[in-house]
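Visitor: After the sequence you'll find the predicted model.
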Amino acid sequence: MDTSSEKPEISVEVPYTEQISRLFIFRFLWMYVLVIVMIPVGIWMGIIMFLQFWYMLFLGKRHEGFWGYQKRLFIWISKWNAYSSTLTDKRPGFWF
């Protein structure tokens, strides 16, 4: 398989910062707000994955728009996971 034509892999960086905000104990409150956003986005992501499956099954290739949406959502969820796990102090946005 020729790897020169493949796109680069996805990477997410979480920088280490020693000093944090003292309000980090209230992070769980942002998680409740985030659930309101995550549920419809998760349902939409399931629909996109279903369509991507059938697209790949019939045409034998990935749809670039579906793949890009899945990639952006994965990065957004990874940033929120890093924030909720207190790996970073910078709160990501509510949309990717």
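Guide: Looks like it came in fine.

Visitor: Low-confidence stretches in the protein?
Guide: Within the chain, the ranges that satisfy pLDDT under 70 run 1-5, 7-8, 17-25, 27, 94-96.

Visitor: Which element, helix or strand, includes residue 35?
Guide: helix 27-59 (DSSP states H and E).

Visitor: how far out from the middle of the chain is that helix?
Guide: 10 Å (CA atoms, centre = their mean, to the nearest Å).

Visitor: Just the buried residues of it, please?
Guide: 34, 38, 41, 45, 48, 52 (16 or more other CB atoms under 10 Å). Heads up, the C-betas are built off the backbone N, CA and C, glycines and all.

Visitor: what's it packed up against?
Guide: helix 64-84 (3 or more CB pairs under 8 Å, 6 or more residues apart in numbering; DSSP states H and E).

Visitor: how close does the residue positioned nearest the centre of the chain sit to residue 26?
Guide: For the chain, the residue sitting closest to the mean C-alpha position, by CA atoms, centre = their mean, is residue 74 at 2.4 Å. In this view, residue 74 and residue 26 are 26 Å apart by CB to CB, to the nearest Å.

Visitor: can you check residue 61 too?
Guide: Residue 61 is 46 Å from residue 26, by CB to CB.

Visitor: got it, and residue 59?
Guide: Residue 59 is 48 Å from residue 26, by CB to CB.

Visitor: ditto for residue 51
Guide: 38 Å.

Visitor: cool, residue 40 as well?
Guide: 24 Å.

Visitor: and if you look at residue 70?
Guide: 31 Å.

Visitor: what does residue 67 give?
Guide: 36 Å.

Visitor: got it, and residue 32?
Guide: From residue 32 to residue 26 the distance is 11 Å (CB to CB).
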